[in-house]
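A.B. asks: Sequence and predicted model, in that order:
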Amino acid sequence: MGTPGIPEQVGIPHRPESPLWNIDASILLVEDDAGDALLVEEMLTDSELDPSLTWCKTLAEARAFLHTSTTPVCVLLDLHLPDVHGLDAVRQILESDSEAAIVVLTGLEDSGTGLRAVAGGAQDYLVKGRLGPEILSRAIRYALQRKEVERAAAALRANRLIAQENARLERGLLPVPLLRDNRFHARARYEPGRVHGLLSGDFYDVVQTSDGTVHAVIGDVSGHGAAEAALGVCLRVAWRTAVLCGTSQTEQIALLEEILVAERSDAHVFATVTSLVFSPDQRHAQILRAGHPGLLLRQGGDVTWVEPEGGMALGLLPGMGRWPTVDIPLAPGAGVVLFTDGLFEGRDGPDSRLGEEGLLAMAQDNGHLPAHAFVDALVAGAAEGAAPYGGLADDVAVLHLGWGSEHDEH
C-alpha cells in the first residue's frame, strides 16, 4: 500500500472499459487505516470500474492532491483522520475542490453521521462493515453523476438569474413616451434580432414639450451585439435630454453624431436616424433624415411612401454631415409610421427580399386597421414571409404616431 504518510497510486489490474464507467474521473481514498484501505482496493479490483486510485492517509495529503488534480475526483472519505475529525473533513474537502464528489465511509454505529455528512455536501455515505464490490462501484458512479447534475443545476440557476437581471435592466431602459395630453397617440413595436435580448441597436423615443409640440426619433445603430444595444440606449437618452433642453432638430442630430463617435467601439459603427417634430396645430410635421429609410403616411384608408430629402448617416464622415429639414402637411387624423430597415430587409424568397415596395403593398392592404393592429400586421407579415428563409435576422422597430384619429385604438 506504500509508505505511510505519502500519497500513492494504487495499481488496479486493467479490465475492458465498461459502459457503466463513462466519466473520466479518478478516485481518492482518504483513510488512515491500512487494513481498511486494502479492503477498498480489493473491492475496486473486483468491481466493474477501471479508475485510477490514490490513497492518502491524512486530510492534508488529500487537499494537496486535490489542488493539483485536473480531472473529476470521487473522494472516499473516512471521517476519523489524524488531522481532522467528523464533518469538518467534508467541509475542508469541498474548500479544496468544490467540484469533488464525496462518499463518506462510516462505522456500523455512525449511520446518523453519514446522513449529516450528506446534508453537509457529500453525495453519499457507506458503512464499512457492509461494503461489497457492487455497492462500492455503484456508490462511486452515482456520486459522480449526482455531482454532475448538481453542477448543471447550479449553472442553470446562475444563468437564469443572470437572464432575469438582464431582462429587468433592459426593460428599465426601454423608452416610455413622455406625452402631456391624450390628443397625441404613439404605438410602438420593438423586436430585437439579438438572441435572448430585449434591446438592440434600434432605438426610438417620443417627447411632448410644454408648448404642445411632439418630438419623435427613430434610429438604428449598425450591428446587433450588446455594445450596439448599449450605444442605442445612450443615443436615445441623449436625444431626450437635448429635446427637453430646447435644442433644435439639427443640433440634436449633430449632438448624437458626436456621442456616437465618442462612444462607439469600432470606427466603422454608424447610425441612421429620422427625427420628427409635430406642431401643436396638428397640421404639419417637420422631418429630418440622416441616412434612414423613408416613412409611411396614413391619411384615411390610404397609405403612401414618403421619402423626404435627407443627409448622410451619423458617423460616416464625422463633422461633415448636413441634414436638411422638410415640412410635410398633415390632414386631420393622419398617421405617420416610422420603422427601421429590419422590417423590410427580410427574405421573402430564396433570392428576394420584401423590400420597400413589398412593405408598402402590405401596408396598403392593412390601411383600414387601427394603429396598434396596423403595426402588428406589418411585423407579422414581414416575419411570416421571412419564416421559411430563416426569419427576420435584423432588429425591428416600428413607431406609429399621430394626433387623435380613426387609426388609433377603438
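C.D. replies: Yep, that arrived.
A.B. asks: in the stretch 301-410 of the chain, which segments are predicted with low confidence?
C.D. replies: The model of the stretch 301-410 of the chain has pLDDT under 70 over residues 405-410.
A.B. asks: Could you rerun that using 50?
C.D. replies: 406-410 (pLDDT under 50).
A.B. asks: and what of the stretch 151-300 of the chain?
C.D. replies: Judged by pLDDT under 50, the stretch 151-300 of the chain has its weakly predicted residues at 196.
A.B. asks: For it, just list every one of the helices.
C.D. replies: 226-244, 249-263 (DSSP state H, counting those that start in this stretch).
A.B. asks: And these: which comes nearest Gln286?
C.D. replies: helix 249-263 (6.8 Å; CB to CB). (Each C-beta comes from the backbone N, C-alpha and C, glycine too.)
A.B. asks: so how far is that closest one off the chain centroid?
C.D. replies: Put simply, helix 249-263 sits 29 Å off its chain's centre (CA atoms, centre = their mean, to the nearest Å).
A.B. asks: circling back to that earlier point, including distance to Asp376 and mean neighbour count, could the helices of the stretch 151-300 of the chain go into TSV?
C.D. replies: Putting these into TSV (distance: least, CB to CB, whole Å; neighbours: other CB atoms under 10 Å) gives the following:
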stretch	distance to Asp376	mean neighbour count
helix 226-244	23	20
helix 249-263	29	18
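A.B. asks: now those helices as JSON lines including distance to Glu99?
C.D. replies: Below are the helices of the stretch 151-300 of the chain laid out as JSON lines (distance: least, CB to CB, whole Å):
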{"stretch": "helix 226-244", "distance to Glu99": "30"}
{"stretch": "helix 249-263", "distance to Glu99": "40"}
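A.B. asks: Show me the one of those that comes nearest Ala361.
C.D. replies: helix 226-244 (29.4 Å).
A.B. asks: Tell me what angle that closest one forms with helix 249-263.
C.D. replies: Comparing the axes of helix 226-244 and helix 249-263 via axes from the mean of the first three to the mean of the last three CA atoms, to 10 degrees yields an angle of 150 degrees.
A.B. asks: Got the domain ranges for the chain?
C.D. replies: With the TED database as the criterion, the domains of the chain are listed as 26-162, 175-403.
A.B. asks: For the strand or helix carrying Leu38, give the mean pLDDT please.
C.D. replies: Under the criterion of DSSP states H and E, Leu38 resides in helix 34-46. Mean pLDDT, helix 34-46: 88.
A.B. asks: If you count contacts, what does it end up packed against?
C.D. replies: Here helix 34-46 touches strand 26-30, strand 52-56, helix 133-173, going by 3 or more CB pairs under 8 Å, 6 or more residues apart in numbering; DSSP states H and E.
A.B. asks: So which of the ones you listed is nearest Arg116?
C.D. replies: Evaluated over the helices and strands packed on helix 34-46, closeness to Arg116 peaks at helix 133-173, with 16.6 Å, by CB to CB.
A.B. asks: What count of nearby residues applies to Leu276?
C.D. replies: By other CB atoms under 10 Å, the residues close to Leu276 number 23.
A.B. asks: For the closest residue to it other than its chain neighbours, grab the count of nearby residues.
C.D. replies: Nearest non-adjacent residue to Leu276, counting by CB to CB, 6 or more residues apart in numbering: Ala216, 4.5 Å away. Neighbour count of Ala216, defined by other CB under 10 Å: 25.
A.B. asks: Ala216 reaches Leu401, doesn't it?
C.D. replies: Yes: counting by CB atoms under 8 Å, Ala216 touches Leu401, with 5.6 Å between them.
A.B. asks: what touches both of those two?
C.D. replies: Common neighbours of Ala216 and Leu401, using CB atoms under 8 Å, 6 or more residues apart in numbering, are 186, 206, 276, 278, 338.
A.B. asks: got the contact list for the fourth one?
C.D. replies: Taking CB under 8 Å, 6+ apart as the criterion, Phe278 is in contact with 184, 213-216, 285, 330, 401, 403.
A.B. asks: before we move on, back to that, output the shared contacts of Ala216 and Leu401 in JSON lines, with distance to Glu357 appended to each entry.
C.D. replies: Formatted as JSON lines, those follow (distance: CB to CB, whole Å):
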{"residue": "Ala186", "distance to Glu357": "27"}
{"residue": "Val206", "distance to Glu357": "28"}
{"residue": "Leu276", "distance to Glu357": "23"}
{"residue": "Phe278", "distance to Glu357": "27"}
{"residue": "Leu338", "distance to Glu357": "18"}
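A.B. asks: Many thanks, have a good one.
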